[in-house]
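> sequence and predicted structure, then a few things I'm wondering about:
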Amino acid sequence: MNNTIRNIFGVAAAILVMLGVNEITDSNTIKLPSYDTDVTSAENRPVNSFKDFNDAIVDIAEKTNPAVVMITTEKVQQRRVMQNPFSQFFGNPYGGDSETREYTQRGLGSGVIVSDEGYIITNNHVIADVDEIEVQLYNGESIKAELVGADPATDIAVLKVDIENLPTVKLGNSDDLKVGSFVLAIGSPLSENLAHTVSFGIVSAKQRSIGLIGQGTGFEDFIQTDAAINPGNSGGALIDMNGELVGINSAIASRSGGNDGIGFAIPINLAKRIMDDLVDDGEVSRGYLGLYFGGEVDRTMAKALGIDDARGFIVARVEEDGPAAKAGLQEQDVVVSIDGEKVTNWTMFRSKIGTMKPGEKVELGILRDEDSKTIQVTLGEREEEMFATTEPAKVESMEEKIGFNVSDLTDNFRRQLQLDSDVDGIVVTNIKQSSNAYERGLRKGDVITAVKRNKVKTETEFFDELEKISKSGDEVVLLTVMQRGVKQYIAFEL
């Protein structure tokens, strides 16, 4: 589990987890006190002085903090250790140059108790690929937690503990949250002895997309806040002035690796939708439209299309027999609203659709030949295989062997590389100049569309094809590559 995810905004880093571990206690021995979690709503709380305002903040913190938990994780890994450091130069006449040793990797995060049945919402990255999960309660007791389910595409996971009389926090409505609203962030930053830290700030922005989840293949609709969030806060609570949970803290943007006043939280409306699916079905079902992004409608595009306002996005292609096609959507339609809400960008639109359920109806406002139309679409079901990922260790090993890194061809990459919407493949994001693939002509920004005539549309499919080649004993890889819009064939040795 990495402590730092790739750069955000060029220089920023999204911080996920730090170290921590606790002693486990049997749930049958835990007797919790009766916490007062009843918070007076802001509209019913008179504020006539600064002291009244301060008292309100104190009351909210005291009554919501018990519902926030500290999460510690453990993963046992194996590492090869050199027995004789000089053997790599002179050899070891007695054999046994190295041995495999086990070590335990520990992680720290936060979570929020949202039901008296013991369900806890946290981030997927806090508990992903671990062997044990423990929850430390407000009174200091620790207990093993059961993983109910996780959704990497939204970075939401649900845990469960079997304890009576748990304190819970009321779920708010994140759609009603306004930029400038006061919020509290509660979690366990940096280390165990800082558990249940409360910080205060405002909502700095909404509907932020930072290209973090799934390297841009997930659904992002972050609340941005300047309330202090640090490593270990992931999965913690973002609380509004009604004492209600409005977000799950997830990441930060930082030059220093710590709080720089730019934190991101997953809206609780989205988190609750995912939680309900995981609790009820064990998996998340998603709606889809079956249309392809053709570009944001800026002033130049609006002028070319003969429309007055620069807004929305243009439809490049409509999937045959898909929900959008059945509803009457056409190529070159400009989508400007969804359920009455203005479409600010493609990412916002895609995330909204992807977090709705199959069978739900959505109303799209479009412009067609300068005329405004409203089209109602019944969403189909999105294939979840598109979110499959290859094991990190396997990826790291294969990237070392081939000498370059790849990523899924996201809409952002398409815009940067000026690719047509019908180009499928994966993009080369970095390549060693000393690699055989570089010597044979592969370059950063090239789009790989096939491996030995087998088409690849995702990073997972690419590494699966390479693994087949490696297992067969073949040392030569043939790639079909798009270079500056021209198809090329590149063969290189592993």
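Good, I have the coordinates.

> quick one, helices of this protein?
50-64, 87-90, 124-127, 268-281, 299-305, 323-327, 346-354, 392-402, 411-417, 436-439, 459-472 (DSSP state H).

> any stretches of the stretch 151-300 of the chain with poor pLDDT?
The model of the stretch 151-300 of the chain has pLDDT under 70 over residues 211-218, 256.

> what's next to stretch 46-57, contact-wise?
Defining contact as Cβ atoms under 8 Å, 6 or more residues apart in numbering, one finds that stretch 46-57 is touched by 42, 45, 184, 200, 241. Bear in mind the C-beta positions are built from the backbone N, C-alpha and C, glycine included.

> show me which of the residues you listed are buried.
42, 45, 184, 241 (16 or more other Cβ atoms under 10 Å).

> check contacts around the spatially closest residue to the first one that is not a sequence neighbour.
Counting by Cβ to Cβ, 6 or more residues apart in numbering, the nearest residue to residue 42 once its immediate chain neighbours are dropped is residue 241, at 4.3 Å. When contacts are counted by Cβ under 8 Å, 6+ apart, residue 241 is found next to 42, 56, 60, 181-183.

> give the burial count for residue 196, as a bare number.
Residues lying near residue 196 (other Cβ atoms under 10 Å) number 17.

> how close does it sit to residue 186?
Between residue 196 and residue 186 the distance is 7 Å, computed by Cβ to Cβ, to the nearest Å.

> joint contacts of these two?
Common contact partners of residue 196 and residue 186 (Cβ under 8 Å, 6+ apart): 65, 68.

> return the set of residues that bridge with the closest residue to residue 334 other than its chain neighbours.
Leaving aside its chain neighbours, residue 334 sits nearest to residue 367 (4.2 Å; criterion: Cβ to Cβ, 6+ apart). Taking DSSP bridges as the rule, residue 367 bridges to residue 334, residue 372.

> if we can go back for a sec, what's the most distant pair in the buried ones among the contacts of stretch 46-57?
Pairwise distances across the buried ones among the contacts of stretch 46-57 (Cβ to Cβ) peak at 14.9 Å, for the pair 45 and 184.

> the domain parsing of the chain - what is it?
For the chain, automatic domain parsing gives the domain ranges 1-282, 287-384, 388-493.

> for those, which one ends up most surrounded?
domain 1-282 (a mean of 19; mean count of other Cβ atoms under 10 Å).

> next, the contact list for residue 490, please.
Residues near residue 490 by Cβ under 8 Å, 6+ apart: 437, 440-442, 478-479, 481.

> quick one on the thing from earlier: possible to save the buried ones among the contacts of stretch 46-57 as TSV with distance to residue 278?
Formatted as TSV, the buried ones among the contacts of stretch 46-57 follow (distance: Cβ to Cβ, whole Å):
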residue	distance to residue 278
42	31
45	35
184	26
241	29
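
> now, the residues you listed that are in strands?
With DSSP state E as the criterion, strands contain residue 184 from among the buried ones among the contacts of stretch 46-57.

> nearest to residue 415, of the buried ones among the contacts of stretch 46-57?
Closest approach between the buried ones among the contacts of stretch 46-57 and residue 415, by Cβ to Cβ: residue 184, at 37.2 Å.

> what's the closest non-adjacent residue to the closest one?
Leaving aside its sequence neighbours, residue 184 sits nearest to residue 239 (Cβ to Cβ, 6+ apart; 4.4 Å).

> next: residue 187.
Spatial nearest neighbour of residue 187, excluding adjacent residues (Cβ to Cβ, 6+ apart): residue 236 at 2.7 Å.

> could you pull out the strands for the stretch 101-250 of the chain?
Counting by DSSP state E, counting those that start in this stretch, the stretch 101-250 of the chain has strands at residues 119-123, 132-136, 142-144, 146-151, 156-160, 182-187, 197-208, 222-225, 237-239, 245-252.

> quick one: the first one to chain centroid distance?
Taking Cα atoms, centre = their mean, to the nearest Å, the mean C-alpha location of strand 119-123 is offset from the chain mean by 14 Å.

> cool, stretch 249-260 as well?
Its chain's C-alpha centre and that of stretch 249-260 lie 15 Å apart, by Cα atoms, centre = their mean.

> let me see the confidence value for the spatially closest residue to residue 113 that is not a sequence neighbour.
Nearest residue to residue 113 in three dimensions, chain neighbours excluded: residue 67, at 4.6 Å (Cβ to Cβ, 6+ apart). Note for residue 67: predicted pLDDT of 92.

> quick one: residues contacting residue 67.
Residue 67 makes contact with 37, 112-114, 138, 166-169, 237 under the criterion Cβ under 8 Å, 6+ apart.

> out of these, the closest to residue 398 would be?
Using Cβ to Cβ, residue 112 comes nearest to residue 398 of the contacts of residue 67, at 37.4 Å.

> list the contacts of the closest one.
67-69, 120-122, 169, 235-237, 245, 248.

> need these in JSON lines (columns: distance to residue 270).
Below are the contacts of residue 112 laid out as JSON lines (distance: Cβ to Cβ, whole Å):
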{"residue": "67", "distance to residue 270": "19"}
{"residue": "68", "distance to residue 270": "19"}
{"residue": "69", "distance to residue 270": "21"}
{"residue": "120", "distance to residue 270": "17"}
{"residue": "121", "distance to residue 270": "11"}
{"residue": "122", "distance to residue 270": "14"}
{"residue": "169", "distance to residue 270": "17"}
{"residue": "235", "distance to residue 270": "14"}
{"residue": "236", "distance to residue 270": "16"}
{"residue": "237", "distance to residue 270": "15"}
{"residue": "245", "distance to residue 270": "12"}
{"residue": "248", "distance to residue 270": "9"}
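
> list just the nearest of the contacts of residue 67 to residue 269.
Among the contacts of residue 67, and counting by Cβ to Cβ, the member closest to residue 269 is residue 114, at 12.8 Å.

> mind checking how far the closest one is from residue 245?
From residue 114 to residue 245 the distance is 7 Å (Cβ to Cβ).

> joint contacts of these two?
With Cβ under 8 Å, 6+ apart, residue 114 and residue 245 have common neighbours 169, 171.

> centre of the chain to stretch 487-494, how far?
33 Å.

> ok, stretch 165-179 next?
How far stretch 165-179 lies from its chain's middle: 20 Å, per Cα atoms, centre = their mean.

> for the residue nearest to residue 316 when sequence neighbours are not counted, what are its contacts?
Distance criterion Cβ to Cβ, 6+ apart; nearest residue to residue 316, sequence neighbours excluded, is residue 294 at 3.0 Å. Neighbour list for residue 294: 313-317, 331-332, 421 [criterion: Cβ under 8 Å, 6+ apart].

> also residue 126?
Residue 126 touches 16-17, 71, 73, 107, 109-111, 157, 234-235, counting by Cβ under 8 Å, 6+ apart.

> same thing with residue 188?
Counting by Cβ under 8 Å, 6+ apart, residue 188 has contacts 20, 70-71, 108-110, 194-197, 232-233, 236.

> can you tell me which of those residues is nearest residue 398?
residue 109 (28.8 Å).

> done for today, thanks.
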